[in-house]
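K.L.:
need a 3D model of the following:
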Amino acid sequence: MLRHLSIRDFVVVDTLDLEFEQGFTVFSGETGAGKSILIDALALTLGARGEASVVRTGQSRADISAEFATHEAVDRWLADQALEGEAGTVLLRRVIDTGGRSRAFINGTAATLTQLREVGEMLVEIHGQHAHQLLMRADSQRELFDTHAGLGALAGETARAWRAWREASAAIEAAHSRDREIQLERERLAWQLAELDKLMPQAGEWEEINAEHRRLSNAANLIGGVQDALGALSESDEAMLHQLSAIVVRLRALAEIDTGLVDAVATLEPAEIQLQEAVYSLSHYAQKLDLDPQRLAQVDARLEALHSAARKFRLQPEALPEEHAARRTQLEALDAAADLDAMRAVQAAAQQAYQDVAKKLSKERARHAKALGAAVTTGMQELAMTGGRFEVALVPLSNGGAGGPNGLEQIEFRVAGHAGVPLRPLAKVASGGELARISLALAVIASAASPTPTLIFDEVDTGIGGAVAEVVGRLLHQLGRQRQVLCVTHLPQVAARGEFHFRVVKKTIDPDQTVSSVASLDKPNRVEEIARMLGGLEITATTRKHAKEMLAA
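P.N.:
Predicted coordinates for the structure are as follows:
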């Protein structure tokens, strides 16, 4: 339930702090005093859209905070969002500046408007003063009925299934329209892939074959150079290895005479070993190296083929293997995309899924329609529509059972204002007064079935009066025994039923500044306010007496 509402610099409110209790609370005040402004401010903390115009003239920002007692579902949501605060409490805050920039907070942590709306829907349900006008719209009737019946999730699932079916159907239509383009693209990719399949470029091949080409094309020079090196190192009497070996043998013998030569011998011995290893390595290389004009021609041809393909595909030769794999993937993807049989299978599955969930929704709607019709009919009798009847009709869509995003039928509210007349669509037959009473009956019935702990009725009693107003007051008071009910009203019969009463007053401070304030009324002041609501500007002893009687009833 709502515990505290704090408003700073919002429209005509400068500073306001209100404490709330469980039960039925009413707000009254003269026309134009700003009664509904309080509801508008609270709605901002619940994620409603806000504009720069809500900032009080001369101030830099509007700041509204609302503190609620939580329940299990809210606590779970806060934990999931990592937005927990003090146990059993949630604080929602909204700040809007003169530039239209908005900031939202949950328990002191920055939040999104979506998060405010999500938690707000679990805390508060608002029935606005124009609700009866919305009843004229078919989509509003459907949404109200589905919400009352608890079918919101199933209706959402139906809408998603419909979209999936339509998307699958659209994909087939698009495939048909693109069929020629796809065929041309397939032929182009198939030709390119055939060229690359014939070439079969391998990863790393370009670097390897270039190295082999350099070796083969310089074979004569390599052979001559290696032979010259071998000759200088080991194949002549004057070869370096022979001379170094002779020097090492001589110095080794001399080192036995004078140990001062030991270091020189130790330095030359590794050099002798390294020269021997170099001779072995060169000999081994020379045995493998050979002039091979035929192999050189093959390598030249392969290089030219790779170069030619690279020019054709406008890329570097070393990128050909990757391009080969990409062309194959593209052709496979195109074949899969153009697989109409597979697409038709997806479409059929999506259609069946939609039909299954839509039929389930229809079955649940049919089950709840009778209950809501009977409940509203009972409410109409209490609201001075004796003999009136209300029915929720499920009208099949005229498209051969294909259905739509909202199911297989349209929800239509039908009403008979009094006994002896047939039921007809609400939008066509209900007068303004009848529409207001039916809307109120729906609101009270829907609220009674709602799990939301705080219910707000913002001048929903517009268009009614007299004995009907007394019934409305009684119904809202009864509802307040189960929930926290806040009601903005202009009817004394409704205000007198409140357990707690606030009066909204607008004061002109100077020609350029008007401020609204709210006062909690004690019993004497409630008598005066109810008397004002009964008698207008002039309060008489008679109206005061009547007010006392209404409060005592």
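K.L.:
low-confidence stretches in the stretch 51-200 of the chain?
P.N.:
For the stretch 51-200 of the chain, applying pLDDT under 70 flags the ranges 129-134, 178-179.
K.L.:
if we use 90, what do you get?
P.N.:
Along the stretch 51-200 of the chain, the model assigns pLDDT under 90 to residues 57-58, 85, 121, 125-141, 143-150, 152, 171-200.
K.L.:
all strands for it, in order.
P.N.:
61-69, 89-97, 102-106, 109-111, 124-127 (DSSP state E, counting those that start in this stretch).
K.L.:
now render the ones you listed as JSON lines, adding mean neighbour count.
P.N.:
Placement of C-beta: from N, CA and C, glycine included. Shown next, in JSON lines, are the strands of the stretch 51-200 of the chain (neighbours: other Cβ atoms under 10 Å):
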{"stretch": "strand 61-69", "mean neighbour count": "22"}
{"stretch": "strand 89-97", "mean neighbour count": "21"}
{"stretch": "strand 102-106", "mean neighbour count": "19"}
{"stretch": "strand 109-111", "mean neighbour count": "15"}
{"stretch": "strand 124-127", "mean neighbour count": "20"}
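K.L.:
distance to Met385 added to those, as a markdown table?
P.N.:
Below are the strands of the stretch 51-200 of the chain laid out as a markdown table (distance: least, Cβ to Cβ, whole Å):
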| stretch | distance to Met385 |
| --- | --- |
| strand 61-69 | 36 |
| strand 89-97 | 39 |
| strand 102-106 | 43 |
| strand 109-111 | 44 |
| strand 124-127 | 19 |
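K.L.:
closest to Thr15 out of these?
P.N.:
Closest approach to Thr15 among those (Cβ to Cβ): strand 61-69, 10.1 Å.
K.L.:
helices and strands around the closest one, which ones?
P.N.:
Counting contacts by 3 or more Cβ pairs under 8 Å, 6 or more residues apart in numbering; DSSP states H and E, strand 61-69 packs against strand 2-10, helix 35-45, strand 89-97.
K.L.:
wait, Thr57 sits on Asp510?
P.N.:
No - Thr57 lies out of contact with Asp510 (Cβ atoms under 8 Å); the separation is 11.8 Å.
K.L.:
neighbour count for the two, which is higher?
P.N.:
Thr57 (12 against 6; other Cβ atoms under 10 Å).
K.L.:
check contacts around the more buried one.
P.N.:
When contacts are counted by Cβ atoms under 8 Å, 6 or more residues apart in numbering, Thr57 touches Asp512, Gln513.
K.L.:
give me the most central residue, the protein.
P.N.:
The centroid of the chain falls nearest to Thr114 when counting by Cα atoms, centre = their mean (8.5 Å).
K.L.:
relative to Val279, how far out is that one?
P.N.:
According to Cβ to Cβ, to the nearest Å, Thr114 and Val279 sit 81 Å apart.
K.L.:
in this structure, which strand has the most residues?
P.N.:
As assigned by DSSP state E, the longest strand anywhere in the chain is strand 500-510.
K.L.:
picking up where we left off before, now the nearest residue to the residue nearest to the centre of the chain once chain neighbours are set aside. Its backbone dihedrals?
P.N.:
Setting aside the residues directly before and after it, Thr114 is nearest to Gly47 in space (Cβ to Cβ, 6 or more residues apart in numbering), at 7.2 Å. In terms of degrees, to the nearest 10, the main-chain angles of Gly47 are phi 100, psi 10.
K.L.:
next: Phe390.
P.N.:
Backbone phi and psi, for Phe390 under degrees, to the nearest 10, turn out to be phi -130, psi 140.
K.L.:
and what of the one 10 residues further on?
P.N.:
Main-chain torsions, Gly400, degrees, to the nearest 10: phi 70, psi 30.
K.L.:
what's the neighbour count on it?
P.N.:
Neighbours of Gly400 using other Cβ under 10 Å come to 7.
K.L.:
do the one 5 residues further on as well
P.N.:
The burial metric for Pro405, expressed as a neighbour count using other Cβ under 10 Å, is 15.
K.L.:
how close does it get to Val124?
P.N.:
From Pro405 to Val124 the distance is 28 Å (Cβ to Cβ).
K.L.:
got it, and Glu459?
P.N.:
Taken as Cβ to Cβ, the span from Glu459 to Val124 is 17 Å.
K.L.:
now Val357
P.N.:
From Val357 to Val124 the distance is 30 Å (Cβ to Cβ).
K.L.:
OK, contacts around Ala310?
P.N.:
Ala310 touches Gln316, Pro317, Ala319, Leu320, counting by Cβ under 8 Å, 6+ apart.
K.L.:
can you do 7 Å?
P.N.:
Ala310 is in contact with Gln316, Pro317, Leu320, counting by Cβ atoms under 7 Å, 6 or more residues apart in numbering.
K.L.:
tell me how far it lies from Pro321.
P.N.:
11 Å.
K.L.:
just give the number of residues close to the closest residue in space to Ala66 that isn't next to it in sequence.
P.N.:
Distances taken as Cβ to Cβ, 6+ apart put Thr45 closest to Ala66, at 4.3 Å, once the chain neighbours are dropped. By other Cβ under 10 Å, 28 other residues sit near Thr45.
K.L.:
quick one: contacts of the helix or strand hosting Leu251?
P.N.:
According to DSSP states H and E, Leu251 maps onto helix 240-257. Defining contact as Cβ under 7 Å, 6+ apart, one finds that helix 240-257 is touched by 232-234, 261-262, 264-265, 268-269, 271-272, 275-276, 279.
K.L.:
in the helix or strand that comes right after it, what counts as buried?
P.N.:
Heading C-terminal from helix 240-257, the first helix or strand you meet, by DSSP H and E, is helix 262-288. Neighbour counts over helix 262-288 (16 or more other Cβ atoms under 10 Å) mark Val265, Leu268, Leu275, Ala278, Val279, Leu282 as buried.
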